[in-house]
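**Q** sharing a sequence plus its predicted fold:
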Amino acid sequence: MPELAVLRSPDAVLFGTGMAGASGGVAARHGRRVLVVTDPVLAATAGFDAVLGSLCAAGLDAVVFAEAAIDVPMATIDAAHAAARDARPDVVVAVGGGSAIDLAKVTALLLAHGGPLSAYYGEHLVPGPVVPLIALPTTAGTGSEVTPVSVIGDPELGMKVGISSPYLIPRTAICDPELTRTCPPTVTAHSGIDALSHAIEAFMAIARPSAPELPLERVAVGKNALSDVLALAAVREIGAHLDHAVDDGNDIQARAGMLFGSLNAGLAFANSGVSIAHALQFAIGAATGTPHGLGTGMMLPYVMAFNRPAREPELAELAAALGEPGGDAAAIVHALGLRIGLPARLADLGLAEDRLEPMGEQAAGIRRLADNNPRPVDAADCTAILRAAWHGDLSLLAEPAPA
């Protein structure tokens, strides 16, 4: 009998090739005025035209904000909020990767509750429902179309921060593999390994005892029966299709497999949470400016190796899900990262070794993530993980033999 099972998700998930054509009918259920959030590149694609055409065919009044930017800068949030106040939308439609969807989430939040945005940093601090949101992902990566999290860049803090609340979960996620077809190989690789990180961290997260107050106090409740099923499904899909999607972006079967894997991974970590690989990436991203998925993907196998003493059975299940029963799951993930073009070592990012210790302290200080790790982790542990990744040597995290 499962000890704990928690699932918070959109009201509806629509998945399938051509499903973007449902956008207008879904949006019309919320009203007539629509704010569409996307980025300048996607605004010029046929996929975006299909979404906008569906909204117009439904007789909706659509205003487009096409200035979404990577890492959701505060200036972009201010501009989107200003556009939203003028448009007075009944519903917000996000078309894009994680940055566009996260921007749409905080825009819907600010429309409903006002600022400052910093008042909502952390968990369960959004006071009530936001303006209804429909999300259409164009990358198979963040899973933001089904998650309660928005990650933004705060210049005053000098790093990315998260707002986590069930109220931020989009009302409807529309997942059309055709919208991911134009995603470039590098973005496909980085977003895809990020999705794998979500699934694996969800599956290896801390397990907390079932208690009525747990889902009321925590957005991320830890490893549970439902998140485990979704996480393993995600690992199987991503392991089978990531190489192919990177090699041939027109392989619609690979694109569909990756989008379905990302969707399942998003649903898994939306409820279990992620842990120290993401905390380490926040520090790496702040120090090097590298893309989120690249840093998270590089750290993932080292975090898996560090957590081995607490999650040996799970690592065996992950190896099987990745198609190599009996293999070393951390080594399998590391090899996959190399095949899709991730750097072999953290040192390859131009990072000096003497910076690792302060980065470890910074990562360990992100307690909402560190406390979700299955093995207790402090600043020294984070530094050890970073050092192993800096050298590109998983064996540095091997447990010493008993005396």
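**A** All right, it came through fine.

**Q** any chance you could list what contacts stretch 370-377?
**A** Stretch 370-377 has contacts (Cβ atoms under 8 Å, 6 or more residues apart in numbering) with 204-207, 220, 222-223, 272-276, 279, 303, 306-307, 309-311, 363-364, 382. Where you see a C-beta, it was placed from the backbone N, CA and C, and this is true even at glycine.

**Q** adjacent strands (with direction) for the one helix or strand in the chain whose mean pLDDT sits lowest?
**A** Lowest mean confidence among the helices and strands of the chain (mean pLDDT, DSSP states H and E): strand 159-164, at a mean of 84. Within its sheet, strand 159-164 is paired with strand 122-123 (parallel), strand 149-154 (antiparallel), according to DSSP bridges.

**Q** and of those, who's closest to Ala83?
**A** strand 149-154 (16.8 Å; Cβ to Cβ).

**Q** output the closest one as CSV, restricted to C-alpha atoms.
**A** In CSV, the C-alpha atoms belonging to strand 149-154 read as follows (Å, rounded to 0.1, in the frame of the first residue of the first chain):
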residue,chain,number,x,y,z
VAL,A,149,6.8,27.1,-10.1
SER,A,150,8.0,30.2,-11.8
VAL,A,151,11.8,30.9,-11.8
ILE,A,152,12.9,34.5,-12.5
GLY,A,153,16.1,36.5,-12.5
ASP,A,154,16.4,39.0,-9.6
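
**Q** what comes up buried for that strand?
**A** Across strand 149-154, burial judged by 16 or more other Cβ atoms under 10 Å covers 149-154.

**Q** for Ala245, give me its contacts.
**A** So Ala245 contacts 140, 188, 192, 251, 254-255, 257-258 (Cβ under 8 Å, 6+ apart).

**Q** ok, and the most crowded of those?
**A** Ala140 (35 neighbours; other Cβ atoms under 10 Å).

**Q** that one reaches Leu259, doesn't it?
**A** Yes. Using Cβ atoms under 8 Å, Ala140 is in contact with Leu259, at 4.5 Å.

**Q** quick check: neighbours shared by the two?
**A** Common neighbours of Ala140 and Leu259 (Cβ under 8 Å, 6+ apart) are Thr180.

**Q** ok so, going back, mind putting the buried residues of strand 149-154 into JSON lines with distance to Ala108?
**A** Below are the buried residues of strand 149-154 laid out as JSON lines (distance: Cβ to Cβ, whole Å):
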{"residue": "Val149", "distance to Ala108": "14"}
{"residue": "Ser150", "distance to Ala108": "10"}
{"residue": "Val151", "distance to Ala108": "15"}
{"residue": "Ile152", "distance to Ala108": "13"}
{"residue": "Gly153", "distance to Ala108": "18"}
{"residue": "Asp154", "distance to Ala108": "19"}
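
**Q** quick check, nearest of these to His30?
**A** When these are compared against His30 (criterion: Cβ to Cβ), the nearest one is Ser150, at 19.6 Å.

**Q** circling back to that earlier point, contacts for the very next helix or strand once past the least confident helix or strand of the chain?
**A** Scanning forward in sequence from strand 159-164 by DSSP states H and E, the next helix or strand is strand 172-175. Here strand 172-175 makes contact (Cβ under 8 Å, 6+ apart) with 10-16, 19-20, 22-23, 26, 134-137, 145-146, 259-260, 263.

**Q** just the buried ones from the residues you listed?
**A** Judged by 16+ other Cβ under 10 Å, buried ones among the contacts of strand 172-175: 10, 13-14, 19-20, 22-23, 26, 134-137, 145-146, 259-260, 263.

**Q** hang on, the earlier thing: which one of the strands paired with strand 159-164 lies closest to Gly239?
**A** strand 149-154 (24.0 Å).

**Q** circling back to that earlier point, among the contacts of stretch 370-377, which ones are buried?
**A** Using 16+ other Cβ under 10 Å, the buried members of the contacts of stretch 370-377 are 204-207, 220, 222-223, 272-276, 279, 303, 306-307, 311, 363-364, 382.

**Q** for Asp39, phi and psi?
**A** With angles defined as degrees, to the nearest 10, Asp39 sits at phi -120, psi 170.

**Q** apart from its neighbours in sequence, what residue is nearest it?
**A** Ala68 (4.1 Å; Cβ to Cβ, 6 or more residues apart in numbering).

**Q** so that neighbour sits against Leu103, correct?
**A** Yes. The pair Ala68 and Leu103 passes the contact test of Cβ under 8 Å, sitting 4.9 Å apart.

**Q** common neighbours of these two, please.
**A** What both Ala68 and Leu103 touch, as defined by Cβ under 8 Å, 6+ apart, is the set 37, 76, 80.

**Q** returning to that earlier point: between the buried residues of strand 149-154, which is closest to Met298?
**A** Val151 (18.0 Å).
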